[in-house]
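Asks: Model the following, please.
(2 chains)
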Protein chains: 2
Amino acid sequence: MYPSSLQKLIEELRKLPGVGNKTAERFALDILDRRDQDIEPLVNSLIGVHQSIKRCQQCAHYAEDDLCDICKDSHRTQSIICVVSSPKDVIALERSGQYKGLYHVLHGAISTMKGILPSDINLESLIQRCNETVKEVIVATNTNVEGETTAMYIAKRLENHPCDVTRLASGLPMGGLLDYTDDLTLIKAIEGRKKI
Amino acid sequence: MYPSSLQKLIEELRKLPGVGNKTAERFALDILDRRDQDIEPLVNSLIGVHQSIKRCQQCAHYAEDDLCDICKDSHRTQSIICVVSSPKDVIALERSGQYKGLYHVLHGAISTMKGILPSDINLESLIQRCNETVKEVIVATNTNVEGETTAMYIAKRLENHPCDVTRLASGLPMGGLLDYTDDLTLIKAIEGRKKI
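Replies: Numbering: from 1, shown residues only, chains lettered A, B, ... in the order given. Below you'll find the model as predicted:
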(Lines give C-alpha, C1' and ligand atoms only; values in the text may rest on other atoms or scores of the structure.)
Protein backbone atom coordinates (compact mmCIF):
# COMPACT_ATOMS: atom_id res chain seq x y z
CA MET A 1 0.00 0.00 0.00
CA TYR A 2 3.04 2.27 0.09
CA PRO A 3 3.64 4.21 -3.15
CA SER A 4 5.77 2.15 -5.55
CA SER A 5 9.03 4.11 -5.17
CA LEU A 6 8.87 3.75 -1.39
CA GLN A 7 8.03 0.05 -1.71
CA LYS A 8 11.05 -0.33 -3.99
CA LEU A 9 13.36 1.25 -1.42
CA ILE A 10 11.95 -1.05 1.28
CA GLU A 11 12.67 -4.07 -0.92
CA GLU A 12 16.23 -2.90 -1.61
CA LEU A 13 16.90 -2.31 2.09
CA ARG A 14 15.52 -5.76 2.88
CA LYS A 15 18.44 -7.25 0.96
CA LEU A 16 20.84 -6.09 3.70
CA PRO A 17 21.94 -8.95 5.97
CA GLY A 18 19.57 -9.63 8.88
CA VAL A 19 17.03 -7.02 7.78
CA GLY A 20 13.39 -8.11 7.62
CA ASN A 21 10.25 -6.38 6.43
CA LYS A 22 9.67 -4.32 9.57
CA THR A 23 13.26 -3.07 9.84
CA ALA A 24 13.46 -2.22 6.13
CA GLU A 25 10.22 -0.24 6.50
CA ARG A 26 11.66 1.61 9.49
CA PHE A 27 14.87 2.43 7.58
CA ALA A 28 12.93 3.62 4.52
CA LEU A 29 10.62 5.88 6.52
CA ASP A 30 13.60 7.30 8.37
CA ILE A 31 15.34 8.05 5.07
CA LEU A 32 12.16 9.59 3.69
CA ASP A 33 11.85 11.88 6.70
CA ARG A 34 15.34 13.32 6.18
CA ARG A 35 15.95 16.39 4.12
CA ASP A 36 17.50 16.05 0.66
CA GLN A 37 20.94 17.25 1.76
CA ASP A 38 20.94 14.65 4.54
CA ILE A 39 20.70 11.66 2.24
CA GLU A 40 23.38 12.93 -0.14
CA PRO A 41 26.29 11.69 2.03
CA LEU A 42 24.70 8.22 2.19
CA VAL A 43 24.21 8.05 -1.56
CA ASN A 44 27.72 9.37 -2.22
CA SER A 45 29.37 6.95 0.18
CA LEU A 46 27.48 4.03 -1.39
CA ILE A 47 28.79 4.94 -4.80
CA GLY A 48 32.20 5.96 -3.43
CA VAL A 49 32.88 2.71 -1.63
CA HIS A 50 32.52 0.72 -4.84
CA GLN A 51 34.70 3.08 -6.80
CA SER A 52 37.57 3.46 -4.36
CA ILE A 53 37.91 0.21 -2.41
CA LYS A 54 40.02 -2.53 -3.93
CA ARG A 55 42.12 -5.36 -2.55
CA CYS A 56 45.68 -4.70 -1.33
CA GLN A 57 48.05 -6.26 -3.88
CA GLN A 58 50.10 -7.83 -1.12
CA CYS A 59 47.68 -8.99 1.59
CA ALA A 60 44.23 -8.60 -0.09
CA HIS A 61 42.87 -6.51 2.80
CA TYR A 62 40.65 -3.61 1.73
CA ALA A 63 42.75 -0.75 0.38
CA GLU A 64 42.29 2.56 -1.41
CA ASP A 65 45.73 2.40 -3.07
CA ASP A 66 47.73 -0.54 -4.43
CA LEU A 67 48.83 -1.37 -0.89
CA CYS A 68 46.71 -1.16 2.28
CA ASP A 69 47.71 1.06 5.22
CA ILE A 70 49.13 -1.91 7.13
CA CYS A 71 51.36 -3.17 4.30
CA LYS A 72 52.53 0.41 3.68
CA ASP A 73 53.58 0.85 7.34
CA SER A 74 57.33 0.19 7.51
CA HIS A 75 57.24 0.19 11.34
CA ARG A 76 55.39 -3.11 11.39
CA THR A 77 57.29 -6.40 11.72
CA GLN A 78 57.72 -7.63 8.16
CA SER A 79 58.72 -11.16 9.15
CA ILE A 80 55.39 -12.26 10.65
CA ILE A 81 52.22 -12.84 8.61
CA CYS A 82 48.86 -13.39 10.27
CA VAL A 83 46.43 -15.30 8.00
CA VAL A 84 42.73 -14.47 8.40
CA SER A 85 39.54 -15.42 6.54
CA SER A 86 38.06 -11.96 6.10
CA PRO A 87 38.90 -8.24 6.35
CA LYS A 88 36.62 -8.08 9.41
CA ASP A 89 39.11 -10.30 11.23
CA VAL A 90 41.92 -7.84 10.47
CA ILE A 91 39.87 -5.08 12.11
CA ALA A 92 39.18 -7.27 15.17
CA LEU A 93 42.87 -8.10 15.61
CA GLU A 94 43.92 -4.48 15.04
CA ARG A 95 41.41 -3.38 17.66
CA SER A 96 43.14 -5.56 20.26
CA GLY A 97 46.38 -3.64 19.56
CA GLN A 98 48.52 -6.69 20.39
CA TYR A 99 49.73 -7.68 16.94
CA LYS A 100 52.33 -5.64 15.05
CA GLY A 101 53.09 -7.83 12.02
CA LEU A 102 51.49 -8.06 8.57
CA TYR A 103 48.32 -9.82 7.45
CA HIS A 104 47.10 -12.07 4.66
CA VAL A 105 43.36 -12.13 3.93
CA LEU A 106 42.07 -15.36 2.37
CA HIS A 107 38.55 -14.02 1.59
CA GLY A 108 37.02 -17.36 2.52
CA ALA A 109 37.95 -20.75 3.92
CA ILE A 110 38.30 -24.22 2.44
CA SER A 111 34.99 -26.07 2.73
CA THR A 112 34.32 -29.59 1.52
CA MET A 113 30.62 -29.08 2.33
CA LYS A 114 30.27 -25.96 0.20
CA GLY A 115 32.79 -27.18 -2.40
CA ILE A 116 35.24 -24.33 -1.78
CA LEU A 117 38.67 -25.52 -2.89
CA PRO A 118 42.08 -24.03 -1.96
CA SER A 119 42.18 -22.52 -5.45
CA ASP A 120 38.90 -20.66 -4.80
CA ILE A 121 40.39 -18.55 -2.00
CA ASN A 122 43.39 -16.21 -1.88
CA LEU A 123 45.81 -18.90 -0.72
CA GLU A 124 48.37 -19.38 -3.50
CA SER A 125 49.61 -15.81 -3.07
CA LEU A 126 50.28 -16.56 0.62
CA ILE A 127 52.60 -19.44 -0.32
CA GLN A 128 54.37 -17.12 -2.76
CA ARG A 129 54.73 -14.43 -0.07
CA CYS A 130 56.53 -16.87 2.25
CA ASN A 131 60.11 -16.17 1.16
CA GLU A 132 63.13 -16.46 3.44
CA THR A 133 62.40 -13.16 5.27
CA VAL A 134 59.17 -14.60 6.72
CA LYS A 135 59.88 -16.18 10.09
CA GLU A 136 56.36 -17.00 11.29
CA VAL A 137 52.91 -17.53 9.79
CA ILE A 138 50.14 -17.23 12.40
CA VAL A 139 47.02 -18.97 11.15
CA ALA A 140 44.10 -17.04 12.67
CA THR A 141 41.25 -18.60 10.72
CA ASN A 142 38.01 -19.30 12.62
CA THR A 143 37.83 -22.28 14.98
CA ASN A 144 35.04 -23.98 13.03
CA VAL A 145 35.43 -26.93 10.63
CA GLU A 146 36.26 -24.72 7.63
CA GLY A 147 38.79 -22.65 9.57
CA GLU A 148 40.52 -25.74 10.99
CA THR A 149 40.65 -27.41 7.57
CA THR A 150 42.19 -24.28 6.09
CA ALA A 151 44.74 -24.10 8.92
CA MET A 152 45.73 -27.75 8.39
CA TYR A 153 46.07 -27.19 4.63
CA ILE A 154 48.30 -24.13 5.12
CA ALA A 155 50.50 -26.01 7.62
CA LYS A 156 50.84 -28.86 5.11
CA ARG A 157 51.73 -26.54 2.23
CA LEU A 158 54.38 -24.75 4.29
CA GLU A 159 55.91 -27.81 5.98
CA ASN A 160 59.08 -27.64 3.88
CA HIS A 161 59.40 -23.90 4.45
CA PRO A 162 61.79 -22.74 7.20
CA CYS A 163 59.16 -20.47 8.82
CA ASP A 164 57.09 -21.50 11.86
CA VAL A 165 53.38 -22.04 11.27
CA THR A 166 51.42 -21.29 14.46
CA ARG A 167 47.73 -21.26 15.41
CA LEU A 168 45.96 -18.87 17.83
CA ALA A 169 45.38 -20.42 21.27
CA SER A 170 42.01 -22.04 21.92
CA GLY A 171 40.43 -22.03 25.36
CA LEU A 172 37.96 -20.28 27.64
CA PRO A 173 36.93 -16.80 26.51
CA MET A 174 37.85 -14.13 29.08
CA GLY A 175 34.91 -13.26 31.33
CA GLY A 176 33.21 -16.51 30.32
CA LEU A 177 31.47 -18.86 32.74
CA LEU A 178 32.73 -22.42 32.93
CA ASP A 179 29.31 -24.06 33.02
CA TYR A 180 28.16 -22.15 29.94
CA THR A 181 31.20 -23.22 27.93
CA ASP A 182 30.66 -25.90 25.28
CA ASP A 183 32.39 -29.27 25.56
CA LEU A 184 34.79 -28.78 22.66
CA THR A 185 36.08 -25.49 24.10
CA LEU A 186 36.52 -27.14 27.52
CA ILE A 187 38.50 -30.01 25.94
CA LYS A 188 40.73 -27.47 24.16
CA ALA A 189 41.15 -25.48 27.39
CA ILE A 190 42.21 -28.61 29.34
CA GLU A 191 44.60 -29.69 26.58
CA GLY A 192 46.17 -26.24 26.46
CA ARG A 193 46.45 -25.78 30.26
CA LYS A 194 49.49 -23.88 31.52
CA LYS A 195 51.45 -23.65 34.79
CA ILE A 196 50.59 -20.56 36.82
CA MET B 1 41.47 0.80 10.38
CA TYR B 2 39.07 0.44 7.44
CA PRO B 3 39.94 2.62 4.44
CA SER B 4 38.31 6.04 4.78
CA SER B 5 35.61 5.59 2.13
CA LEU B 6 34.46 2.36 3.78
CA GLN B 7 34.56 4.00 7.20
CA LYS B 8 32.43 6.82 5.81
CA LEU B 9 29.80 4.38 4.56
CA ILE B 10 29.75 2.64 7.95
CA GLU B 11 29.16 5.99 9.65
CA GLU B 12 26.34 6.86 7.25
CA LEU B 13 24.66 3.49 7.77
CA ARG B 14 24.96 3.90 11.53
CA LYS B 15 22.56 6.85 11.27
CA LEU B 16 19.73 4.44 10.41
CA PRO B 17 17.39 3.85 13.36
CA GLY B 18 18.50 1.06 15.70
CA VAL B 19 21.75 0.42 13.83
CA GLY B 20 24.95 0.24 15.90
CA ASN B 21 28.59 -0.08 14.95
CA LYS B 22 28.56 -3.84 14.38
CA THR B 23 25.43 -3.83 12.23
CA ALA B 24 26.60 -0.86 10.16
CA GLU B 25 29.88 -2.68 9.56
CA ARG B 26 27.99 -5.80 8.47
CA PHE B 27 25.81 -3.77 6.09
CA ALA B 28 28.81 -1.95 4.61
CA LEU B 29 30.80 -5.15 4.00
CA ASP B 30 27.74 -6.76 2.42
CA ILE B 31 27.33 -3.78 0.10
CA LEU B 32 31.04 -3.85 -0.73
CA ASP B 33 30.85 -7.53 -1.65
CA ARG B 34 28.09 -6.91 -4.20
CA ARG B 35 28.84 -6.21 -7.80
CA ASP B 36 28.41 -2.68 -9.17
CA GLN B 37 25.14 -3.45 -10.95
CA ASP B 38 23.71 -4.83 -7.70
CA ILE B 39 24.04 -1.59 -5.75
CA GLU B 40 22.58 0.53 -8.54
CA PRO B 41 18.94 -0.27 -7.63
CA LEU B 42 19.64 0.68 -4.01
CA VAL B 43 21.25 3.98 -4.96
CA ASN B 44 18.50 4.76 -7.48
CA SER B 45 15.70 3.97 -5.03
CA LEU B 46 17.32 6.16 -2.39
CA ILE B 47 17.39 9.10 -4.76
CA GLY B 48 14.01 8.17 -6.28
CA VAL B 49 12.13 8.07 -3.02
CA HIS B 50 13.06 11.65 -2.23
CA GLN B 51 12.15 12.87 -5.67
CA SER B 52 8.81 11.15 -6.09
CA ILE B 53 7.20 10.81 -2.66
CA LYS B 54 5.12 13.72 -1.43
CA ARG B 55 2.14 14.11 0.88
CA CYS B 56 -1.37 13.48 -0.43
CA GLN B 57 -3.10 16.88 -0.66
CA GLN B 58 -6.21 15.50 1.01
CA CYS B 59 -5.07 13.08 3.72
CA ALA B 60 -1.27 13.70 3.91
CA HIS B 61 -0.47 9.99 3.47
CA TYR B 62 2.55 9.29 1.24
CA ALA B 63 1.63 9.74 -2.41
CA GLU B 64 3.33 9.88 -5.79
CA ASP B 65 0.62 12.12 -7.29
CA ASP B 66 -1.43 14.95 -5.79
CA LEU B 67 -3.74 12.38 -4.22
CA CYS B 68 -2.73 9.04 -2.67
CA ASP B 69 -4.07 5.73 -3.96
CA ILE B 70 -6.61 5.53 -1.14
CA CYS B 71 -8.07 9.02 -1.69
CA LYS B 72 -8.21 8.33 -5.44
CA ASP B 73 -10.20 5.11 -4.94
CA SER B 74 -13.89 6.01 -5.51
CA HIS B 75 -15.00 2.60 -4.17
CA ARG B 76 -14.00 3.53 -0.63
CA THR B 77 -16.56 4.97 1.77
CA GLN B 78 -16.11 8.74 1.53
CA SER B 79 -18.11 9.52 4.67
CA ILE B 80 -15.72 7.96 7.21
CA ILE B 81 -12.29 9.36 8.05
CA CYS B 82 -9.81 7.43 10.17
CA VAL B 83 -7.27 9.73 11.86
CA VAL B 84 -3.79 8.28 12.47
CA SER B 85 -0.46 9.67 13.67
CA SER B 86 1.77 8.32 10.93
CA PRO B 87 1.73 6.73 7.45
CA LYS B 88 2.91 3.46 9.07
CA ASP B 89 -0.45 3.29 10.87
CA VAL B 90 -2.28 3.53 7.53
CA ILE B 91 -0.30 0.52 6.31
CA ALA B 92 -1.08 -1.44 9.49
CA LEU B 93 -4.81 -0.72 9.20
CA GLU B 94 -4.83 -1.49 5.47
CA ARG B 95 -3.10 -4.80 6.18
CA SER B 96 -5.98 -5.82 8.45
CA GLY B 97 -8.32 -5.33 5.48
CA GLN B 98 -11.23 -4.39 7.76
CA TYR B 99 -11.49 -0.67 7.08
CA LYS B 100 -12.86 0.70 3.82
CA GLY B 101 -13.07 4.45 4.49
CA LEU B 102 -10.58 7.28 4.05
CA TYR B 103 -7.68 8.35 6.23
CA HIS B 104 -6.15 11.50 7.66
CA VAL B 105 -2.48 11.41 8.67
CA LEU B 106 -1.48 13.87 11.41
CA HIS B 107 2.30 13.28 11.09
CA GLY B 108 2.72 13.51 14.84
CA ALA B 109 0.70 13.87 18.02
CA ILE B 110 0.07 16.68 20.47
CA SER B 111 2.65 16.51 23.26
CA THR B 112 2.89 18.90 26.18
CA MET B 113 6.16 17.21 27.19
CA LYS B 114 7.84 17.75 23.81
CA GLY B 115 6.06 21.06 23.22
CA ILE B 116 4.20 19.86 20.12
CA LEU B 117 1.11 22.04 19.71
CA PRO B 118 -2.01 21.28 17.63
CA SER B 119 -0.68 23.77 15.05
CA ASP B 120 2.54 21.73 14.68
CA ILE B 121 0.74 18.70 13.29
CA ASN B 122 -1.57 18.25 10.29
CA LEU B 123 -4.74 18.82 12.31
CA GLU B 124 -6.33 22.00 10.97
CA SER B 125 -6.84 20.40 7.56
CA LEU B 126 -8.79 17.59 9.26
CA ILE B 127 -11.26 20.08 10.76
CA GLN B 128 -11.63 21.66 7.31
CA ARG B 129 -12.23 18.24 5.73
CA CYS B 130 -15.15 17.55 8.09
CA ASN B 131 -17.95 18.95 5.96
CA GLU B 132 -21.53 17.70 6.01
CA THR B 133 -20.74 14.56 3.95
CA VAL B 134 -18.51 13.21 6.74
CA LYS B 135 -20.56 11.00 9.07
CA GLU B 136 -17.84 9.56 11.31
CA VAL B 137 -14.30 10.42 12.37
CA ILE B 138 -12.50 7.40 13.87
CA VAL B 139 -9.58 8.58 15.98
CA ALA B 140 -6.94 5.83 15.72
CA THR B 141 -4.03 7.62 17.36
CA ASN B 142 -1.78 5.56 19.65
CA THR B 143 -3.01 4.66 23.15
CA ASN B 144 -0.16 6.52 24.88
CA VAL B 145 -0.41 9.93 26.55
CA GLU B 146 0.24 11.87 23.32
CA GLY B 147 -2.26 9.82 21.34
CA GLU B 148 -4.97 10.17 23.99
CA THR B 149 -4.37 13.92 24.28
CA THR B 150 -4.67 14.26 20.52
CA ALA B 151 -7.87 12.20 20.51
CA MET B 152 -9.41 14.39 23.23
CA TYR B 153 -8.43 17.55 21.35
CA ILE B 154 -9.99 16.31 18.10
CA ALA B 155 -13.21 15.32 19.92
CA LYS B 156 -13.34 18.79 21.47
CA ARG B 157 -12.76 20.58 18.17
CA LEU B 158 -15.48 18.54 16.43
CA GLU B 159 -18.07 18.63 19.22
CA ASN B 160 -20.32 21.07 17.35
CA HIS B 161 -20.01 19.12 14.12
CA PRO B 162 -22.83 16.67 13.28
CA CYS B 163 -20.41 13.78 12.65
CA ASP B 164 -19.67 11.07 15.24
CA VAL B 165 -16.17 11.05 16.72
CA THR B 166 -15.18 7.51 17.76
CA ARG B 167 -12.07 5.90 19.21
CA LEU B 168 -10.68 2.42 18.49
CA ALA B 169 -11.56 -0.12 21.21
CA SER B 170 -8.99 -0.71 23.95
CA GLY B 171 -8.62 -4.10 25.63
CA LEU B 172 -6.73 -7.36 25.63
CA PRO B 173 -4.68 -8.02 22.50
CA MET B 174 -5.75 -11.21 20.71
CA GLY B 175 -3.56 -14.17 21.65
CA GLY B 176 -2.40 -12.28 24.74
CA LEU B 177 -2.09 -13.81 28.21
CA LEU B 178 -4.09 -12.24 31.02
CA ASP B 179 -1.33 -12.37 33.62
CA TYR B 180 1.15 -10.67 31.28
CA THR B 181 -1.23 -7.81 30.54
CA ASP B 182 -0.47 -4.47 32.19
CA ASP B 183 -2.90 -2.95 34.69
CA LEU B 184 -4.06 -0.09 32.49
CA THR B 185 -4.99 -2.44 29.67
CA LEU B 186 -6.86 -4.68 32.13
CA ILE B 187 -8.79 -1.68 33.49
CA LYS B 188 -9.72 -0.68 29.91
CA ALA B 189 -10.70 -4.27 29.11
CA ILE B 190 -12.98 -4.49 32.18
CA GLU B 191 -14.55 -1.09 31.47
CA GLY B 192 -15.21 -2.06 27.86
CA ARG B 193 -16.60 -5.56 28.61
CA LYS B 194 -19.41 -6.79 26.35
CA LYS B 195 -22.25 -9.31 26.61
CA ILE B 196 -21.46 -12.58 24.84
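Asks: What's the first helix or strand after the lengthiest helix in chain A?
Replies: Ranked by residue count and defined by DSSP state H, the top helix of chain A is helix A:36-52. For helix A:36-52, the following helix or strand on the C-terminal side (DSSP states H and E) is strand A:54-55.
Asks: quick check, the longest helix of chain A touching chain B?
Replies: Yes: Helix A:36-52 is in contact with chain B by Cβ under 8 Å from any Cβ of the partner chain, via A:36, A:39, A:41-43, A:45-52. All C-beta spots, glycine's among them, are computed from the backbone N, C-alpha and C.
Asks: ok, the closest residue to A:Gly108 other than its chain neighbours to chain B distance?
Replies: Counting by Cβ to Cβ, 6 or more residues apart in numbering or on different chains, A:Ile121 is the residue found nearest to A:Gly108 once chain neighbours are left out, at 4.0 Å. Per Cβ to the nearest Cβ, to the nearest Å, A:Ile121 is found 14 Å from chain B.
Asks: Please name the residues that touch the most centrally placed residue in chain A.
Replies: Chain A has A:Ser86 as the residue nearest its centroid, 2.2 Å off, counting by Cα atoms, centre = their mean. By Cβ atoms under 8 Å, 6 or more residues apart in numbering or on different chains, the contact list for A:Ser86 reads A:Val105, A:Leu106, A:His107, A:Gly108.
Asks: before we move on, what about A:Ile196?
Replies: Listed by Cβ under 8 Å, 6+ apart, A:Ile196 has no contact partners.
Asks: what about it, which SS state?
Replies: Three-state call for A:Ile196 (DSSP: H, G, I helix; E, B strand; the rest coil): coil.
Asks: Ok, A:Ile138 next?
Replies: strand.
Asks: That one against A:Thr166, yeah?
Replies: Yes: between A:Ile138 and A:Thr166 there is a contact under Cβ atoms under 8 Å: 5.1 Å.
Asks: which of these two has more neighbours?
Replies: A:Ile138 (19 against 15; other Cβ atoms under 10 Å in any protein chain shown).
Asks: Mind giving me the packing neighbours of the one helix or strand in chain A whose mean pLDDT sits lowest?
Replies: In chain A, no helix or strand scores lower on mean pLDDT, DSSP states H and E than helix A:183-191, which sits at a mean of 82. If contacts are counted by 3 or more Cβ pairs under 8 Å, 6 or more residues apart in numbering or on different chains; DSSP states H and E, helix A:183-191 sits against no helix or strand.
Asks: For it, list every residue counted as buried.
Replies: Neighbour-count burial for helix A:183-191 flags A:Thr185, A:Lys188, A:Ala189 (criterion: 16 or more other Cβ atoms under 10 Å in any protein chain shown).
Asks: do the same with stretch A:106-113
Replies: Residues A:Leu106, A:His107, A:Gly108, A:Ala109, A:Ile110, A:Ser111 are the ones in stretch A:106-113 that count as buried (16+ other Cβ under 10 Å).
Asks: wait, which of these is closest to chain B?
Replies: When these are compared for distance to chain B (Cβ to the nearest Cβ), A:His107 wins out at 9.4 Å.
Asks: who's in contact with that closest one?
Replies: A:Arg55, A:Ala60, A:Ser85, A:Ser86, A:Ile121, A:Asn122.
Asks: can you rerun that using 6 Å?
Replies: A:Ile121, A:Asn122 (Cβ atoms under 6 Å, 6 or more residues apart in numbering or on different chains).
Asks: A helix includes it, no?
Replies: No: with three-state DSSP as the criterion, A:His107 is assigned coil and is not in a helix.
Asks: now what about the longest helix of chain A, what contacts it?
Replies: By Cβ under 6 Å, 6+ apart, the residues outside helix A:36-52 that reach it are A:Glu64, B:Ser5, B:Leu6, B:Lys8, B:Leu9, B:Glu12, B:Leu32, B:Asp36, B:Val43, B:Leu46, B:His50.
Asks: now with 7 Å?
Replies: A:31, A:64, B:5-6, B:8-9, B:12, B:31-32, B:36, B:39, B:42-43, B:46-47, B:50 (Cβ atoms under 7 Å, 6 or more residues apart in numbering or on different chains).
Asks: Which of these scores worst on pLDDT?
Replies: Across the set of the contacts of helix A:36-52, B:Asp36 stands lowest in pLDDT, at 74.
Asks: Next, A:Leu32: secondary structure please.
Replies: Of the three states, A:Leu32 takes helix according to three-state DSSP.
Asks: Count the residues that sit near it.
Replies: Residues contacting A:Leu32 under the criterion other Cβ under 10 Å number 18.
Asks: surely it meets B:Ile53?
Replies: Yes: if you go by Cβ atoms under 7 Å, A:Leu32 and B:Ile53 touch, sitting 6.0 Å apart.
Asks: can you list residues touching both of these two?
Replies: Common contacts of A:Leu32 and B:Ile53 (Cβ under 7 Å, 6+ apart): A:Leu6.
Asks: Okay, helices next: where are they in chain A?
Replies: In chain A, the helices defined using DSSP H lie at A:4-13, A:21-33, A:36-52, A:69-72, A:87-96, A:124-129, A:145-157, A:183-191.
Asks: Up against chain B, what does chain A have?
Replies: A:1-6, A:8-9, A:12, A:16-17, A:26-27, A:29-32, A:36, A:39, A:41-43, A:45-50, A:52-53, A:62-64, A:88, A:91, A:94 (Cβ under 7 Å from any Cβ of the partner chain).
Asks: Report the contact partners of the residue nearest to A:Gly20 when sequence neighbours are not counted.
Replies: Of all residues not flanking A:Gly20 in the chain, A:Arg14 sits nearest, at 6.9 Å (Cβ to Cβ, 6+ apart). Residues near A:Arg14 by Cβ under 7 Å, 6+ apart: A:Gly20, A:Asn21, A:Ala24.
Asks: tell me the domain boundaries of chain A?
Replies: A:4-52, A:70-167 (automatic domain parsing).
Asks: out of those, which comes closest to B:Glu148?
Replies: Nearest of the domains of chain A to B:Glu148, taken as Cβ to Cβ: domain A:4-52 at 23.4 Å.
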